[in-house]
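A.B. asks: okay, predicted coordinates and the sequence, questions at the end:
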Amino acid sequence: MRLIKNRIGHDGSGSVTLIPDEPEDMWHAYNLIVPGDLLFATAVRRVTTTAATGSTSSSRIRLTLEIRVKTLDFDPQNSQLHVSGQIMNETPYTTIGQHHTLDLELNRQFTLEKKEGPDGEGSVWDSVAVEALKEAVDEGGNRKAEAIAVIMQEGLAHICFIGQFRTVLRQKVEMSVPKKRIGGDHDKIMAKFFKTTLDTLLRHMEFNTSATSMSNNDPVRPVLLASPGFVAAAFQKHIQTVAITTPALKRLLPSIIVVHSASGYTHSLTEVLQSQTVKTLLSNTKNARETKLMDDFHDQLRKETNKATYGPREVEYAVDQGAVGRGGGVLIISNELFRAQDVAERKRWVSLVDRVRDIEGGDVRVLSSEHESGKRLAGLGGIAALLTFPIDDDLESDNE
Amino acid sequence: MSRHRVKAISYDDDEYDEYDDGYDSQDPQERDLLEQCTREVLSQLTAGDPSVSATRDEVQEALWHYYNDVEKSVNYLRGKTTKVEKKKQGSPPPDSAAKAKGRTVPVYPLPPTTGSSQRAHFSAAELFLDSPWLNVPAHRKADILVEPLYPRLGLLGGAPESSGGKMSKLAALAAARKKEGGKATAPSAAAGDDTVQPSRGESKDAPLSLRERLANSGKQTKSSEGSPSPHGSGRGYRSGQSLPQKKSSPETSPQNLPAVTKADEPAKSEHIDEKGMEPATVNIRASPSTFAVTMVGDNTRPKMTEPSHLYTNTLDLIKIYGQDLAEPFDFAGPSPDDVVLNAQNSAKGLKSKQPASKPQGEKKDQANLAGDLSSLRVTEKVHVKSKNLDVLSEYKKSKRKNAMNFVVIGHVDAGKSTLMGRLLADQNAVDKRTLDKYRREAEKIGKGSFALAWVLDQDSEERARGVTIDIATSKFETENTVFTIVDSPGHRDFIPNMIAGASQADFAVLVIDSSIGNYESGLKGQTKEHALLVRSMGVQRIIVAVNKMDTVQWDKGRFEEIEQQVSAFLTTAGFQAKNISFVPCSGVRGDNISRRSEDENVSWYEGLTLVEELEATKPYSHALEKPLRMTIGDVFRSSIQNPLSISGRIDAGSLQIGDHILTMPSSETATIRSLEVDDEPSDWAVAGQNVVLNLANIDPVHLRSGDVVCHASAPIPNTASFSCKVLAFDHLLPSMVDIHRGRLHVPGRISRLVATLDKGSGTVLKKKPKIVPPGAVARVVVEMDHAVPLEAPARIVLRAGGDTIAAGLLE
């Protein structure tokens, strides 16, 4: 995402102009835009005109619209963001108050304005939003660390794209494989399963297997094959066999890494990301850091149950007690909470984050809800905390 | 070989040659036969009641059409005469109109006529006979024709039935529709029917035999080509015509010839009835003129829905081009569109029962026809007749041996598969030759000690790696019990498979590697986990086989040490002391398995051998009376006859051949075509038995291992969220888990920790715990992304990250 203009004032109101230039930027935009914001972007609107004779004609017209955001709809598979709301500016074709759904497009700039209204509606550029903006604008430039993971078990494969900010399940391959038996066709079906999986994988990678692509020097992203038992190794062997007849596939071979996972389901991705080989490969990604954080949290909860807590009310209680402060207090929060449709809800979490960071002096980590670690966190209520001293929150929960 | 091939290629040409040759000439034998038949027909006609007279030519023509079938010819002639009589009273015959209009017909070739096909009455063919421009030599016409490719496909797909092919699904559907239509019209048809009633048998059999004959004549042609016989030419001509006939559907009529074809098609008369016309109108129709015959081929010729030149011979060029012009249009009949529709409706459904042509005068018994239709079933569904057995009483009657399943568990490389291989070999469940073969092959890849394990490790991957991956079942019999071994993998990655195995077991055999170091690592590893798992899956009795005792020189001290430690652990795991027994043994050498060890070091052991211990196990009762539940263990293709089979153990209830079962979660029904109990065909099966069900009427995509089979009367519910009481093996907190129940393995998550419970009484100790410590009993709520068939009191296992974190009972 490129930042074109930044006009955020000291009071937090103001606007930014951004150009998304890769699909993941849509995810960032999704996190930046909250209901109540003003969004300027070009739109294509179908305009119907009625002639004097009563005949109607409709045409599609490109125009710049400003809308007040009402709802957001993010399609994670295709990285598309649809923002709907009411039109705020007058154009020759539209009137104020009409509804429109803007589809944000790659390489087309949009301006996002946040401003608190007189009666408290809308939100400003709070600390979380500014943080998200920084992350989105990518000043570090180390974005490209991403990998493809194929998590398999017999008859089941999940093809996931691991990005820096999110993990997307691109395709699930499922096939009924008969169990071993004398004279059965277990091996035959497995070969078929591998073939289907490989075809699917290549299609999603947009990997060119034609002979002309041999000279293509595009870097190939790492491909992690994970499975319990020998399925992943057998799949690697299958790819090697296919590469003999399809030379273009040879480019892929060096980037394949076989790792162990407990099952073929996506939640095994945690184990994949924890494995040593993958850690060295993706050490710098946010994903690996987040996974580590969640593991630490689980360990803490096991060792000293009262020095960690989870769940919205419990964490708020712990913060009130001052347990999430200097010296190891960490607030782990999923960015899903900031996307709440209710502005008050968002403010509740933003103020909690600000309080921990600025007043208590604790550490705040915002986890991407689209990562495996974020999903683990979501299971815990989207929020958890490592505490500096043990607190007993039993009484609190019993009072409910 | 090459000769045959050449012949096959030139087949079409030969046919035409014979066609040309044999057209005018009849060989003497044929003529003699004809004479003989003619006499017989005439005598029968005059003798019959009412007595009918017919000319010789008529008779001969009829005979020609019916291939010298005297009976049919008589019927035909009689019917025709009756009709002609009626016609005299009725409207003028359409033939005259045809004749009048026929003159305006553009130039079309006429068929060369034969002596035998002369018509007694005036016909259009005769009218055109002398038109020189029509007499195009046959060989010239033949050149522009394309012989059809055999076998021809039906309009609705599938091979034509006459050539013994299979109907397409579409055709079958059409037939079923037609059948329904036939039922509806049957009563009205029967009411208006008062003329000659042919006997049921005849009306059914005659057309069939005709078809057979058509088919036969086709075959004879082929054979006669190889060796030209005196019959060759005469036969050749006929088969030249009959060949295309048998390829095409007899019932379908050319849609553009309504008037003519209707007259000689009883099926058509039925459609006319449908249109509300009186049957009499039908009956007064003339038999087809030669002209009509020319155009349609002849009246034995099947009427094709599509008048494609591909299927016709020279004569039918007329059919391709505007033949409607040659015919007066009889508005009394159904419109061409109706005819097409009717023909399409009837095309497939009537084909098998309807004759190519019926004697026109003889009215088909409509009720009879409807009856035939209703009995005609052409559906893709396989119908398996249920014997409606009372399975439970059958079960009580049957004097079967006790049947028991046991699962073999233990740490990886404890020697489970080898021990079981030895057991099977000793019990003669594996023949020696097979064993020797395994031994040779195992030695070849340098894994001689794995030979016994190969009895159960059938998979190439398992053999190559020397590790059991999936469960394998095998059975052996002792004097009064049939044992089914479920050999499970020990490796931690394959615990899901082991869970599947354990869910089928009545009791367990825990194999422990007694050798130094391995025992200790096993105790830390899967020995414990497996034991806990089988216990939490409801297994009560456990036999501990202390294996590889030969490697520690049958050290009594070692055995006792292991016995003490393991029994202590098993007791804490929840096994009762009386249900635990220990056997020192050696799988590789076979000591204390089926026979006592002869090694003097073992003299201290006084207890039972492994087999004796197995036999000492009391049989278990199963829930026979409960609704059917069977978890599918495997979906596979067992043979060509049974392309779709499922295997598994019946958890509860009973089933029999012909049962309609419901598979969950897909909620699809299937029919049990046949079933096997312990590899023996059977008519029924009850809970506790290992069965293979061969299914029909279901698509394999609806079946997955882990699905549950039940009866539609008492289906198992699909659930996406359940509450369960679990024993925690590890810290529990809301997290992602794998849920296992037998073969069922689905992802899910613990969404809430409801409470921790007291182990003994089950009272709530603490509500909404933050975390459940290992060893505690807790009530948790588990959610899944997709609904799966689960019902209380199912035993489930929750795993995460390759470890079993909890096991318990659904509530």
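C.D. replies: All right, it came through fine. Residues are numbered from 1 along each chain as shown, chains lettered A, B, ... in the order given.
A.B. asks: what mean pLDDT does the helix or strand encompassing B:Ser43 get?
C.D. replies: Assigned by DSSP states H and E, B:Ser43 belongs to helix B:28-47. Taken as a whole, helix B:28-47 has a mean pLDDT of 79.
A.B. asks: ditto for stretch A:36-52
C.D. replies: Mean per-residue pLDDT for stretch A:36-52: 84.
A.B. asks: pull out the buried positions in stretch B:722-730.
C.D. replies: Neighbour-count burial for stretch B:722-730, with 16 or more other CB atoms under 10 Å in any protein chain shown as criterion, is recorded at B:Phe722, B:Cys724, B:Lys725, B:Val726, B:Leu727, B:Ala728, B:Phe729, B:Asp730. The C-beta positions use only the backbone N, C-alpha and C, and glycine is treated the same way.
A.B. asks: and which of the residues you listed is nearest to chain A?
C.D. replies: B:Asp730 (8.8 Å; CB to the nearest CB).
A.B. asks: before we move on, the earlier item: just the ones of the buried residues of stretch B:722-730 in strands?
C.D. replies: Here DSSP state E is the test, and the buried residues of stretch B:722-730 give B:Phe722, B:Cys724, B:Lys725, B:Val726, B:Leu727, B:Ala728 as lying in strands.
A.B. asks: in the stretch 51-200 of chain B, which residue sits nearest chain A?
C.D. replies: Closest point on the stretch 51-200 of chain B to chain A, by CB to the nearest CB, is B:Lys169, at 23.2 Å.
A.B. asks: any weak-confidence spans in the stretch 1-150 of chain A?
C.D. replies: A:117-122, A:138-145 (pLDDT under 70).
A.B. asks: what ranges do the helices span in it?
C.D. replies: A:23-32, A:127-137 (DSSP state H, counting those that start in this stretch).
A.B. asks: contacting residues around B:Asn497?
C.D. replies: B:Ile469, B:Asp470, B:Ile471, B:Ser488, B:Pro489 (CB atoms under 8 Å, 6 or more residues apart in numbering or on different chains).
A.B. asks: which one of these sits closest to chain A?
C.D. replies: The closest of the contacts of B:Asn497 to chain A turns out to be B:Asp470 (CB to the nearest CB; 5.2 Å).
A.B. asks: name the helix or strand for that closest one, please.
C.D. replies: Under DSSP H and E, no helix or strand contains B:Asp470.
A.B. asks: next SSE after the longest helix belonging to chain A?
C.D. replies: Across chain A, the longest stretch assigned as helix under DSSP state H is helix A:186-205. Counting by DSSP H and E, the next helix or strand C-terminal to helix A:186-205 is strand A:223-227.
A.B. asks: just to revisit the earlier point, give me the subset of the contacts of B:Asn497 that also touch chain A.
C.D. replies: With CB under 8 Å from any CB of the partner chain as the criterion, the contacts of B:Asn497 include B:Ile469, B:Asp470, B:Ile471 near chain A.
A.B. asks: surely A:Glu66 and A:Gln86 touch.
C.D. replies: No: A:Glu66 lies out of contact with A:Gln86 (CB atoms under 8 Å); the separation is 9.8 Å.
A.B. asks: give me the more crowded residue out of the two.
C.D. replies: A:Glu66 (21 against 14; other CB atoms under 10 Å in any protein chain shown).
A.B. asks: ok, the more buried one to A:Glu90 distance?
C.D. replies: Using CB to CB, to the nearest Å, one gets 10 Å for the distance from A:Glu66 to A:Glu90.
A.B. asks: phi, psi of B:Phe291?
C.D. replies: B:Phe291 adopts backbone torsions of phi -60, psi -50, taken as degrees, to the nearest 10.
A.B. asks: what number of residues lie near it?
C.D. replies: So B:Phe291, with other CB under 10 Å, has 27 neighbours.
A.B. asks: let me know the outermost residue of chain A.
C.D. replies: Distance from the centre of chain A peaks at A:Thr53, with 52.4 Å (CA atoms, centre = their mean).
A.B. asks: against chain B, how distant is that residue?
C.D. replies: Distance, A:Thr53 to chain B, using CB to the nearest CB, to the nearest Å: 42 Å.
A.B. asks: need phi/psi at that residue.
C.D. replies: According to degrees, to the nearest 10, A:Thr53 has phi -80, psi -10.
A.B. asks: mind listing what's buried in the helix or strand hosting A:Leu293?
C.D. replies: Element membership for A:Leu293, per DSSP H and E: helix A:286-303. Within helix A:286-303, the residues scored as buried using 16+ other CB under 10 Å are A:Lys286, A:Asn287, A:Ala288, A:Glu290, A:Thr291, A:Leu293, A:Met294, A:Phe297, A:His298, A:Gln300, A:Leu301.
A.B. asks: distance between that helix and the chain's centre?
C.D. replies: Chain-centre distance of helix A:286-303: 18 Å, with CA atoms, centre = their mean, to the nearest Å.
A.B. asks: what's the next secondary structure element after that helix?
C.D. replies: Immediately after helix A:286-303, counting by DSSP H and E, sits strand A:308-310.
A.B. asks: surely B:Ala728 touches B:Pro773?
C.D. replies: Yes: in this structure, B:Ala728 is within contact of B:Pro773 by CB under 8 Å, at 6.8 Å.
A.B. asks: return the set of residues that bridge with B:Leu757.
C.D. replies: B:Val764, B:Val777 (DSSP bridges).
A.B. asks: which ones are touching it?
C.D. replies: Here B:Leu757 is in contact with B:Lys725, B:Thr763, B:Val764, B:Leu765, B:Ala776, B:Val777, B:Ala778, B:Arg779 (criterion: CB under 8 Å, 6+ apart).
A.B. asks: once you drop chain neighbours, what's closest to the second one?
C.D. replies: Read it as B:Thr763. Closest residue to B:Thr763 apart from its sequence neighbours, by CB to CB, 6 or more residues apart in numbering or on different chains: B:Leu757 at 6.7 Å.
A.B. asks: per-residue confidence at that neighbour?
C.D. replies: For B:Leu757, pLDDT reads 87.
A.B. asks: and if you look at B:Lys179?
C.D. replies: For B:Lys179, pLDDT reads 75.
A.B. asks: cool, B:Gly232 as well?
C.D. replies: What the model reports for B:Gly232 is a pLDDT of 41.
A.B. asks: now swap in the one 5 residues further on and tell me
C.D. replies: pLDDT recorded at B:Tyr237 is 44.
A.B. asks: ranges for the strands of the stretch 51-200 of chain A?
C.D. replies: In the stretch 51-200 of chain A, the strands defined using DSSP state E, counting those that start in this stretch lie at A:56-75, A:80-87, A:99-103, A:110-114, A:147-153, A:156-162, A:167-174.
A.B. asks: neighbouring strands of the first one in the sheet, and parallel or not?
C.D. replies: Based on DSSP bridges, the pairing partners of strand A:56-75 within the sheet are strand A:38-50 (antiparallel), strand A:80-87 (antiparallel).
A.B. asks: please identify the most buried of these.
C.D. replies: strand A:80-87 (a mean of 18; mean count of other CB atoms under 10 Å in any protein chain shown).
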